[in-house]
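Asks: I need the structure of the sequence given here:
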Amino acid sequence: MSANDTYLAVFLGSKTSPRRAQWDALPESERRAKEREGMVAWKAWVEKHQASILGMGGPLGKTKKVTQRGIEDTGNHMAAFTIVRADSHEAAARLFEKHPHFATFPGDAVEIMPVLPIPGA
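Replies: Numbering: from 1, shown residues only. As a prediction, this is how the structure comes out:
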């Protein structure tokens, strides 16, 4: 995997955002229907961009943080990740415009960053 054209996309979502509160307030049957709609849209996104996806990634669970003091539970807004290949940072970002993560689901954003070469490697 070349770092020159490789990008990490991190899906962000806050459990306390107004959009998430609206989502959680939906009747269960309506929320389940939206979940099914969102998964259909997500699969369509994957199919459309299959040639650019290097690693599908997946949902992220609870977080542990390791420091010099030891290991502790922590929290963040990271919900999932995907690794893509694109000709530029802008092109990689454009892959995620109108993504179901925030177009259907109550996700906040997708942050895309280049995977840089390891210094001195």
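
Asks: so where's the longest helix in this structure?
Replies: helix 28-48 (DSSP state H).

Asks: for that helix, packing partners?
Replies: Applying 3 or more Cβ pairs under 8 Å, 6 or more residues apart in numbering; DSSP states H and E, we find helix 28-48 packed against helix 18-25, helix 100-103. Every C-beta, even on glycine, is put in place using the N, C-alpha and C of the backbone.

Asks: just name the most buried of those.
Replies: Mean neighbour counts were taken over the helices and strands packed on helix 28-48 using mean count of other Cβ atoms under 10 Å, and the top value, a mean of 18, falls to helix 100-103.

Asks: how about the helices and strands packed on helix 28-48 in JSON lines, adding mean pLDDT and distance to Val10?
Replies: As requested, the helices and strands packed on helix 28-48 are exported to JSON lines (pLDDT from 0 to 100; distance: least, Cβ to Cβ, whole Å):
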{"stretch": "helix 18-25", "mean pLDDT": "95", "distance to Val10": "17"}
{"stretch": "helix 100-103", "mean pLDDT": "95", "distance to Val10": "11"}
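
Asks: among the ones you listed, which is nearest Lys64?
Replies: Minimum separation from Lys64 across these (Cβ to Cβ) falls at helix 18-25, 23.0 Å.

Asks: who touches that closest one?
Replies: The contact list for helix 18-25, computed with Cβ atoms under 8 Å, 6 or more residues apart in numbering, reads Gly13, Ser14, Arg31, Lys34, Phe105, Pro106, Asp108.
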